Each structure stands twice: as structure tokens, then as C-alpha cells.
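J.: what's the 3D shape of this:
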Amino acid sequence: MELAQEKIDLIDRIIKGDRKYSNNEDLYEDFFNETCKRSMTIINAIDSEATLEAYMRRVVTTSIINVLKDTGRLRRTSSGYRANKEVAIETPDVDYSNVTISYSSIKIPDSPEDIAMQREVLEFVADSVIRIDKENPGKDYLHIYTLRYDKGMTQKEISDELGISQSEVSKRLYKLMEKVRNVIQ
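T.: The predicted structure is shown next:
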């Protein structure tokens, strides 16, 4: 499958515009090849220029990060990705043999593509809930959704706040989920 020149130019422009490209220009071919490998199956299926550019930005970012990690120029830290630079660190004479370190509470962030996709799904669900709420006045779907999923309230707490029974809250939440599921399918 060959890429049209305008798509090659788009990939080139996005790669060279990425802040991680600076000081890594020697890896341009690797960035380009990784981007093409990751996007080849879908790049020709996207018609909208804006959608294609947004998609390609995510793919380029992920590709650059992967190439930099593979070449040893980038490593993941708890605060994000950092460039590998050798720094001499003086270590004090301290005995750490009885120290235990637990990593169970550390959550490794998803890839940029996963985060973007999750954000798009959440925005779609939120838009659907708003539309469903407008189509069903008096059911307070948006208010119930906000209390349950944004504020983390229990069905009992929601029923107390809205002055309706807990079973009615449960029914409305179920009905809302059913309506959102129908929109998605």
C-alpha cells in the first residue's frame, strides 16, 4: 500500500513539529517508518482532514516515544517520560539491605493513544447522556448520572438528595445505561 504525497507531507510535518523531534533528528527515518507501520491500516480510510490530522498526531507521538525508548534515549518515570542522560551521583554509605519497596500502588499510565481514545469515548457518553436527558424531561438523567458517576454517591444518597425512592434511582440508572448502550450500538 502506498501513501499519497499529501499524507507523506502530513506525517513529515507532524513529526518535525513534535517537541521530541528536536535533538533527535538523526532518528527521523525510524520515526517515519514507525508512524507508517502503526497507521497504514487506517490512514486511507479517514476522509476528513481534521480527523486524519488529529489521529496522525496521536500516532506520531506514540511512534516517537517508542523509537526513543527502543534506542535508549527515553525512559518512563513516575512523572512521565524523561530523556536518558548520564549523571554522576554520589551515593552515601548507607545500608539499604533491610528496606522493602512496594510498587503495588503505582499505576503506569496508558499510552497516549489509549488516553485519547478513552477521552473520546467519555466525551461521546457525556454528550449522549445530555441528549437523552433533554429528550426525557422530568427524569433527571443528567443529574442522577452526575451524582452517581462524577460525585460517586450511592443510590441511597441520590434518593435522599432527590427525594425519590432508591428503587426509582436504580430504575432510572438502568434505563439511562440502556439508552446509552442503544446509542453506541
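
J.: need the pLDDT of Tyr103.
T.: Tyr103 is assigned a pLDDT of 56 by the prediction.

J.: tell me the spacing between Arg119 and Met40.
T.: 24 Å (Cβ to Cβ, to the nearest Å). To be clear about C-beta, it is placed using only N, CA and C from the backbone, and glycine gets the same treatment.

J.: next: Ile164.
T.: Counting by Cβ to Cβ - Ile164 and Met40 are separated by 53 Å.

J.: repeat for Leu147
T.: 45 Å.

J.: more neighbours, those two?
T.: More crowded of Leu147 and Met40, by other Cβ atoms under 10 Å: Leu147, with 19 against 12.

J.: got the buried residues for stretch 119-129?
T.: Ala126, Ser128, Val129 (16 or more other Cβ atoms under 10 Å).

J.: no wait, stretch 49-57
T.: Leu52, Tyr55, Met56, Arg57.

J.: can you name the two of those that sit furthest apart?
T.: Greatest spatial distance among the buried residues of stretch 49-57 (Cβ to Cβ): Leu52 and Arg57, at 9.7 Å.

J.: would you map the strands across the chain?
T.: 74-77, 80-83 (DSSP state E).

J.: mean pLDDT lowest where, among those strands?
T.: strand 80-83 (a mean of 62).

J.: now this protein, which segments are flagged as low pLDDT?
T.: 1-3, 76-97, 99-110 (pLDDT under 70).

J.: spatially central residue for it, please.
T.: The centroid of the chain falls nearest to Ile115 when counting by Cα atoms, centre = their mean (0.6 Å).

J.: now the helices for the chain?
T.: For the chain, the helices defined by DSSP state H cover 5-17, 28-43, 49-70, 112-135, 141-145, 155-162, 166-184.

J.: looking at those, which is nearest to Asn98?
T.: helix 49-70 (33.3 Å).

J.: check which helices and strands that closest one sits against.
T.: Packing partners of helix 49-70 (3 or more Cβ pairs under 8 Å, 6 or more residues apart in numbering; DSSP states H and E): helix 5-17, helix 28-43, strand 74-77, strand 80-83, helix 112-135.

J.: figure out which of these is closest to Ile64.
T.: helix 28-43 (5.3 Å).
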